[in-house]
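**Student:** how would this look folded up:
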Amino acid sequence: MLGRRAGHFCRRLLGFALVALLSGTAAAADLKIASVAPDGSHWIAEMRAGADEVKMRTAGRVTMKFYPGGVMGNDAQVLRKIRVGQLQGGAFSSGGLVERYAGMNVYGIPLLFRSQEEVDAVRAKIDPVMAAGLDKAGFVSFGFTEGGFANPLSNEPVHSVDEMRRKKVWVPEGDQISFLAMETMGLSPVALPVTDVLTGLQTGLIEITFASPVTALVLQWHTKVKYITALPVSYSMGVFAIEKSAFSALLPDDQKIVREVMARHLGQLDRESREDNRKAMEVLAKAGLQTVNVNATDVEGWRRTIEGLYPKLRQRSDIDVPLLDQLLAVLADYRRAHPDQAR
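**Tutor:** Here you go, the predicted model:
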């Protein structure tokens, strides 16, 4: 009898030990996330709010620590740190994940979109395809956040491409599509990481940059320029993604909590983006930035030039051709259904 009781007691101890071991493993899930967004920005505040909720609902088993302000480097450096396990995820520009998934390039093709309505129509169909592509590439994403349309920022008025040809124009490091587009238009692009743009404007290394109002304000680029050109050159988008193996190590119930919470907070950021950009534009105007208009006929010419690049884009390894064709088909359908907006 004593032997049976002793055996039962040992089995119970073993069960408790296994539970403790599993709990201890789950508690060690400290996800380190990098971002170029400055500390104190709306994005970081929203993400930390999500992280606090995740920590509470997982009883501390899952924690997220954010490294804001580009302290972990640019997108390429963050990816390297993820590969070696120093980080588990990051908030990237859409082009920042191209080396892992070529589909991330398509939204940023210059002069692709003509209105916010076109963006909405395309994203409703293409966002889920991009999320699935990221998953196959080894990243779990929780939704995309709109950065908005990037406009030219300069110290001299820019009304035309001819005026840009005399200037050193910034292109995000690694954004080969924009680099090719600018070269085709006869411009002189200078590739720099986002973290070096402010210094580039200070030193004269670049004379024209591109940013949404929020980006210009948050990253302080507006302090080094005088004009913003009323031309939405490209659509920018942010991606919050965690390396798949790190996410898969979480308990299944904790994975569900992280997905639900972070998707909700990212959705909130996405919905607020346009109003944030509107308010940021008001702040830029009050700070003294002057708006410069461009000739609509010139813009149509620029669009035709960019569209002439599409055959070359289809030959590139950093473009997901089926996804690009799917996007263009959605865009064409929308324009046929809304001919009054297709200008």
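**Student:** quick one: distance of the lengthiest strand in the chain to the chain centre.
**Tutor:** When the chain is scanned for its longest strand (criterion: DSSP state E), the result is strand 139-154. In terms of C-alpha atoms, centre = their mean, to the nearest Å, the centre of strand 139-154 is set 5 Å apart from its chain centre.
**Student:** and for stretch 329-343?
**Tutor:** Worked out by C-alpha atoms, centre = their mean, stretch 329-343 lies 26 Å from the chain centre.
**Student:** can you check stretch 292-305 too?
**Tutor:** Distance of stretch 292-305 from the chain centroid (C-alpha atoms, centre = their mean) equals 27 Å.
**Student:** equivalent analysis for stretch 204-216, please.
**Tutor:** For stretch 204-216, the distance to the chain centre is 17 Å (C-alpha atoms, centre = their mean).
**Student:** residue ranges for the strands of the stretch 201-343 of the chain, please.
**Tutor:** 208-211, 227-229, 234-243, 290-292 (DSSP state E, counting those that start in this stretch).
**Student:** closest one to Gln86 among these?
**Tutor:** strand 234-243 (11.0 Å; C-beta to C-beta). For every residue, glycine as well, the C-beta is placed using N, CA and C.
**Student:** re earlier: what angle sits between the longest strand of the chain and strand 234-243?
**Tutor:** If you take axes from the mean of the first three to the mean of the last three C-alpha atoms, to 10 degrees, strand 139-154 sits at 150 degrees to strand 234-243.
**Student:** buried deepest among the strands of the stretch 201-343 of the chain, which one?
**Tutor:** A comparison of the strands of the stretch 201-343 of the chain by mean neighbour count, using mean count of other C-beta atoms under 10 Å, puts strand 208-211 on top with a mean of 26.
**Student:** what's that strand packed up against?
**Tutor:** strand 139-154, strand 168-172, helix 197-203 (3 or more C-beta pairs under 8 Å, 6 or more residues apart in numbering; DSSP states H and E).
**Student:** I'd like these as a markdown table, with mean pLDDT appended.
**Tutor:** Converted to a markdown table, the helices and strands packed on strand 208-211 look like this (pLDDT from 0 to 100):
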| stretch | mean pLDDT |
| --- | --- |
| strand 139-154 | 94 |
| strand 168-172 | 93 |
| helix 197-203 | 96 |
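**Student:** which of these sits closest to Ala332?
**Tutor:** Nearest of these (C-beta to C-beta): strand 139-154, 20.4 Å.
**Student:** for whichever helix or strand comes after the closest one, give the mean pLDDT please.
**Tutor:** For strand 139-154, the succeeding helix or strand toward the C-terminus, using DSSP states H and E, is helix 161-164. Averaged across helix 161-164, pLDDT comes to 85.
**Student:** any idea how far helix 161-164 is from the chain center?
**Tutor:** 28 Å.
**Student:** got a list of contacts for it?
**Tutor:** 152, 156-158, 185-187, 208, 298, 302 (C-beta atoms under 8 Å, 6 or more residues apart in numbering).
**Student:** may I see the buried residues of that helix?
**Tutor:** 161, 163-164 (16 or more other C-beta atoms under 10 Å).
**Student:** go on, stretch 264-274?
**Tutor:** For stretch 264-274, by 16+ other C-beta under 10 Å, it's 265-266, 269-270, 273-274.
**Student:** again with stretch 91-107
**Tutor:** Buried residues in stretch 91-107, counted by 16+ other C-beta under 10 Å: 91-98, 100-107.
**Student:** out of these, which one sits closest to Ser41?
**Tutor:** Closest approach to Ser41 among the buried residues of stretch 91-107 (C-beta to C-beta): Ala91, at 10.6 Å.
**Student:** so that closest one sits right up against Gly50, yeah?
**Tutor:** No: with contact defined as C-beta atoms under 8 Å, Ala91 does not reach Gly50; the gap is 12.0 Å.
**Student:** so how far is stretch 67-87 off the chain centroid?
**Tutor:** 14 Å.
**Student:** now that stretch - C-alpha only, PDB.
**Tutor:** Extracted as PDB, the C-alpha positions of stretch 67-87 are listed here (Å, rounded to 0.1, in the frame of the first residue of the first chain):
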ATOM      1  CA  TYR A  67      13.300  49.500 -29.000                       C
ATOM      2  CA  PRO A  68      12.200  52.700 -30.700                       C
ATOM      3  CA  GLY A  69      14.000  55.500 -32.500                       C
ATOM      4  CA  GLY A  70      16.100  53.300 -34.700                       C
ATOM      5  CA  VAL A  71      18.400  52.300 -31.900                       C
ATOM      6  CA  MET A  72      18.600  48.800 -33.400                       C
ATOM      7  CA  GLY A  73      19.500  50.200 -36.900                       C
ATOM      8  CA  ASN A  74      17.600  50.400 -40.200                       C
ATOM      9  CA  ASP A  75      15.400  47.700 -41.600                       C
ATOM     10  CA  ALA A  76      18.300  45.600 -43.000                       C
ATOM     11  CA  GLN A  77      20.100  45.700 -39.700                       C
ATOM     12  CA  VAL A  78      17.000  44.700 -37.800                       C
ATOM     13  CA  LEU A  79      16.500  41.700 -40.100                       C
ATOM     14  CA  ARG A  80      20.100  40.600 -39.400                       C
ATOM     15  CA  LYS A  81      19.500  40.800 -35.700                       C
ATOM     16  CA  ILE A  82      16.300  38.800 -36.100                       C
ATOM     17  CA  ARG A  83      18.200  36.100 -37.900                       C
ATOM     18  CA  VAL A  84      20.700  35.700 -35.100                       C
ATOM     19  CA  GLY A  85      18.000  35.800 -32.400                       C
ATOM     20  CA  GLN A  86      19.000  39.200 -30.900                       C
ATOM     21  CA  LEU A  87      15.500  40.500 -31.900                       C
END
